[in-house]
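Engineer: need a 3D model of the following:
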Amino acid sequence: MTISQIIAKFVVETRYDDLPSEAVDASRRTLLDTLGVALAGCGEHASKAIMQLIEAAASRPSCTLLGSSVRACSTDAALANGVFAHVLDYDDVGHRAQGHLSAVLFPAILALAEEESCSGAEVVVAYVIGVEVWARIAATMPLLHNKGWHPTAVFGTLGAGMAAAKLLKLDAERAANALGIAASMAAGLTRNFGTDTKSLHVGNAARSGILAAQLARNGFTAAMDVFEGRLGFPAAFFHGQAVDASAMAAQLGHPFALVDPGVNVKKYPCCLLTQRIVDATIHLSKQYGLNAKDITEIVCEVPPLGPKILFYTEPANSLEAKFSLQHCVAAALIDRRLGLAQFTDEKVRDPAVRELGAKVKMRVYPDAAETETGDTRPDTIQIRCTDGRVLNHSVLRAKGHAEAPLDWGELVEKFRDAAGQSLDDRAALSTIDLVSRIETLPDIQPLMRVLSAPRSGASTNESAHMKISFDSRILDLQSSPDGQARLLGSHCKECGAHFFPRQALCSACLKEDTLVDHFLSRNGRLYAYTIVERESIAPKGFDVPYVYGYVDLPEGVRVVAKIVDWDRETLQIDMPVEMVEEALRTDSSGAQVMAFRFRPVVPRDSGVRGGEA
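Structural biologist: A predicted model of the protein is given here:
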């Protein structure tokens, strides 16, 4: 069999049950991260231009554009969501896979899965397969960056094509044709880094992958030996350079590349090549309380690829700043953080940032070979101060690297910060819940409906902090559209396992006990009940069952309440109020609870007058 036929056979025969649990968990993590950065990016200039193009096109509107009420056909939705996911350069990168895996694969997979009414498990399988094919092909080829090609655009088209082939349930022959078709649509130039076109590479790869699979389904043909010979895929990119193409299909699924070597999730919204230096910069800035005026020179030691990619020494806008080591270091040192707020056009033009950036120099590791990636050698920053001090710090694995991953809580924090640009809290929390159990969804439609709910605008109400005495394990509470409130899942605080709505401990830790939390609104009153069926796990001093707190509301007024901080003794809630009164009361069971009365800010169209309940 040819390489294409071997890969196609692997794609067709791999099932959900073949996946290790680590691959399923990694899929949840990367999906949540990708959705967050895409929702953050859907309001950017490039994203708006793509949306205008798609809205004007005559297409079958069956698929979701993230954070928008606009709908499109699967190929156009993949194009748009791919642009959204990559425009901020906040999306993950495959470790040793040459490219941004999830920003290509998930837009293609979610669009096609929505169109085909696929299950969550089918989404997971398609993603794992897309990563596998992409990573195996990329691993056999030298760095495309060195030839001026954007690897994400090249390999992403192939990975998306195979993910789409899996969702469309193509047979081996048609899947091999899809791979050949995708290979002829793979392209993208590094010279366009720092422009809108870089994110277009990603969206186009997602779209092309779907198109390749759809064409193959309809009988469109391609060469079966597209990877072999002097006219094959590797030869076209590396003419005269030896590439062992047979290795592309040699170890498929052994292990799955999503698990080993894994995926690098970005902590900062800029080029991956800046992440370690930024970690080092913030470390020194915080440790020594550095100010820009204290610094005479900053020298950053990076791998050979650094100067080839980070070529904007004086960036003119936020996109160029993502590929400017000068801006990233200066902004991170001054603000002691590097988030979305540090990549606005205003921040790029900030005189203090530009002045400090002019003191930043980049040099390549001494005696480094051109092909050295920095995987085994740390990036180092040296800061010379006006008082004569010379400060150094090196980082081998940036936080978020496959070998130093963000935990689930950190991913959720990043998601909520990013998704908050487009979704309200209700939709964001629902997304977290659905993604956390993606493999159990019989249909992907509920997730896509939540993601298509654009933010209606931030509330003008002030927030007040409320504390309730309790001993339970709760993270997020908010009202639902029908006026009731519900609990969203989090992690068991005993063993770390994930639990789902209406269950406060995971099944393994519950054993024979039952601890279930209920939240509901009746007659305008928001109640928070905890039902404990066994005294052995009830908080000290509380009868069984007990109510631990409630809030009075005028009938007809809905309020979003979210828990912002908690421990075993106190619960802190944010909700919009004008006045809060706290009182210690006794409920019908004799348990003491904290209750609150407040005059809410009533929406003008609610028909309810403000006043104490």
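Engineer: what about the closest residue to Glu44 other than its chain neighbours, distance to Ala153?
Structural biologist: Nearest-residue entry for Glu44: Val87, 4.6 Å, with adjacent residues in sequence omitted and distances by C-beta to C-beta, 6 or more residues apart in numbering. In short, each C-beta sits where N, CA and C put it, glycine included. Applying C-beta to C-beta, to the nearest Å, the value for Val87 to Ala153 is 14 Å.
Engineer: shaky segments in this protein?
Structural biologist: Along the chain, segments meeting pLDDT under 70 span 56-60, 240, 453-613.
Engineer: tell me the domain ranges of it?
Structural biologist: As recorded under automatic domain parsing, the domains making up the chain are 3-264, 272-395, 459-606.
Engineer: other residues contacting the host helix or strand of Gly180?
Structural biologist: Assigned by DSSP states H and E, Gly180 belongs to helix 172-183. Contact with helix 172-183 is made by 2, 4-5, 7-9, 11-12, 133, 157-158, 160-162, 164-166, 170, 208-209, 211-213, 215-217, 219-224, 226-227, 233, as judged by C-beta atoms under 8 Å, 6 or more residues apart in numbering.
Engineer: swap the cut-off to 6 Å and go again
Structural biologist: With contact meaning C-beta atoms under 6 Å, 6 or more residues apart in numbering, helix 172-183 is reached by 4-5, 8-9, 11-12, 157-158, 161, 165, 209, 212-213, 215-216, 221-224, 226, 233.
Engineer: stretch 300-309 now?
Structural biologist: 145, 273, 277, 325, 362-365, 368, 370, 372-374, 379-381.
Engineer: ends of that stretch, how far apart?
Structural biologist: The stretch stretch 300-309 measures 15 Å between its terminal residues, going by C-alpha to C-alpha, to the nearest Å.
Engineer: now that stretch: buried residues?
Structural biologist: Burial within stretch 300-309, assessed by neighbour count using 16 or more other C-beta atoms under 10 Å, is assigned to Cys300, Glu301, Val302, Pro303, Pro304, Leu305, Gly306, Lys308, Ile309.
Engineer: point out the ones among the residues you listed that are inside strands.
Structural biologist: Using DSSP state E, the members of the buried residues of stretch 300-309 that fall in strands are Cys300, Glu301, Val302.
Engineer: for the last one, give its distance to Met362.
Structural biologist: Pointing back at Val302 there. Applying C-beta to C-beta, the value for Val302 to Met362 is 6 Å.
Engineer: what's the answer for Leu290, then?
Structural biologist: 19 Å.
Engineer: wait, the residue nearest to Glu44 touches Ala40, no?
Structural biologist: No - using C-beta atoms under 6 Å, Val87 is not in contact with Ala40; the gap is 8.9 Å.
Engineer: quick one: which of these two has more around it?
Structural biologist: Val87 (30 against 26; other C-beta atoms under 10 Å).
Engineer: next one: phi and psi at the more buried one?
Structural biologist: phi -60, psi -30 (degrees, to the nearest 10).
Engineer: coming back round to it: from the contacts of stretch 300-309, which is closest to Ala108?
Structural biologist: Each of the contacts of stretch 300-309 was checked against Ala108 using C-beta to C-beta; the closest is His145, at 22.9 Å.
Engineer: on the three-state scheme, the closest one is what?
Structural biologist: helix (DSSP: H, G, I helix; E, B strand; the rest coil).
Engineer: begin at 36 from now on, thanks
Structural biologist: Sure thing, new numbering starts at 36, so read that last one as His180.
Engineer: okay, now it: neighbour count?
Structural biologist: Around His180 there are 17 other residues, counting by other C-beta under 10 Å.
Engineer: tell me the phi and psi of Asn427?
Structural biologist: Main-chain dihedrals, Asn427, degrees, to the nearest 10: phi -130, psi 150.
Engineer: you'd agree it is up against Ile416?
Structural biologist: No - counting by C-beta under 6 Å, Asn427 sits too far from Ile416 to count as a contact (7.1 Å).
Engineer: neighbour count: these two, which is higher?
Structural biologist: For Asn427 and Ile416, the more surrounded residue by other C-beta under 10 Å is Ile416, and the numbers stand at 26 against 12.
Engineer: residues in contact with Val278?
Structural biologist: Met176, Pro269.
Engineer: please report phi then psi for Lys396.
Structural biologist: Phi and psi for Lys396, reported as degrees, to the nearest 10, are phi -120, psi 150.
Engineer: secondary structure element for Ala112, which one?
Structural biologist: If you go by DSSP H and E, Ala112 is part of helix 109-121.
Engineer: quick one: contacts of that helix?
Structural biologist: 69, 72-73, 76-77, 81-82, 85, 89, 94, 98, 100-101, 126, 138, 142-143, 146-147, 150, 234, 237-238, 241-242, 245-246.
Engineer: alpha carbons only: can I get stretch 469-481 in CSV?
Structural biologist: C-alpha atoms of stretch 469-481 as CSV (Å, rounded to 0.1, in the frame of the first residue of the first chain):
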residue,chain,number,x,y,z
LEU,A,469,-20.6,21.0,27.9
VAL,A,470,-16.9,20.8,26.9
SER,A,471,-16.1,19.1,30.2
ARG,A,472,-18.3,16.2,29.1
ILE,A,473,-18.0,16.5,25.3
GLU,A,474,-17.6,12.8,24.7
THR,A,475,-21.0,12.1,26.3
LEU,A,476,-23.1,14.4,24.1
PRO,A,477,-25.3,12.5,21.7
ASP,A,478,-25.3,15.5,19.4
ILE,A,479,-23.0,18.5,19.2
GLN,A,480,-25.9,20.9,18.6
PRO,A,481,-26.4,22.1,22.2
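Engineer: tell me the buried residues in it?
Structural biologist: Under the neighbour-count criterion of 16+ other C-beta under 10 Å, stretch 469-481 has Leu469, Val470, Ser471, Ile473, Glu474, Leu476, Ile479 buried.
Engineer: could I get these in JSON lines, plus columns for distance to Ser353?
Structural biologist: Listed next are the buried residues of stretch 469-481 as JSON lines, based on distance: C-beta to C-beta, whole Å:
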{"residue": "Leu469", "distance to Ser353": "31"}
{"residue": "Val470", "distance to Ser353": "28"}
{"residue": "Ser471", "distance to Ser353": "32"}
{"residue": "Ile473", "distance to Ser353": "32"}
{"residue": "Glu474", "distance to Ser353": "36"}
{"residue": "Leu476", "distance to Ser353": "36"}
{"residue": "Ile479", "distance to Ser353": "33"}
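Engineer: tell me the one of the residues you listed nearest Glu157?
Structural biologist: Glu157 has its nearest neighbour among the buried residues of stretch 469-481 in Ile479, at 8.1 Å by C-beta to C-beta.
Engineer: residues contacting the closest one?
Structural biologist: For Ile479, the contact set (C-beta under 6 Å, 6+ apart) comprises Ala148, Glu149, Cys153, Val158.
Engineer: ok but the third one is inside a strand, no?
Structural biologist: Right, Cys153. No - Cys153 is assigned coil when assessed by three-state DSSP, not a strand.
Engineer: how near is Asn116 to Ile245?
Structural biologist: Distance, Asn116 to Ile245, by C-beta to C-beta: 11 Å.
Engineer: which of those two has more neighbours?
Structural biologist: Asn116 (36 against 31).
Engineer: burial count for the closest residue in space to that one that isn't next to it in sequence?
Structural biologist: What sits nearest to Asn116 in space, not counting adjacent residues and going by C-beta to C-beta, 6+ apart, is Pro142, at 3.7 Å. For Pro142, the count of nearby residues is 35 (other C-beta under 10 Å).
Engineer: hang on, Pro142 packs against Ala241?
Structural biologist: Yes - the criterion here is C-beta under 6 Å, and Pro142 meets it with Ala241 at 4.4 Å.
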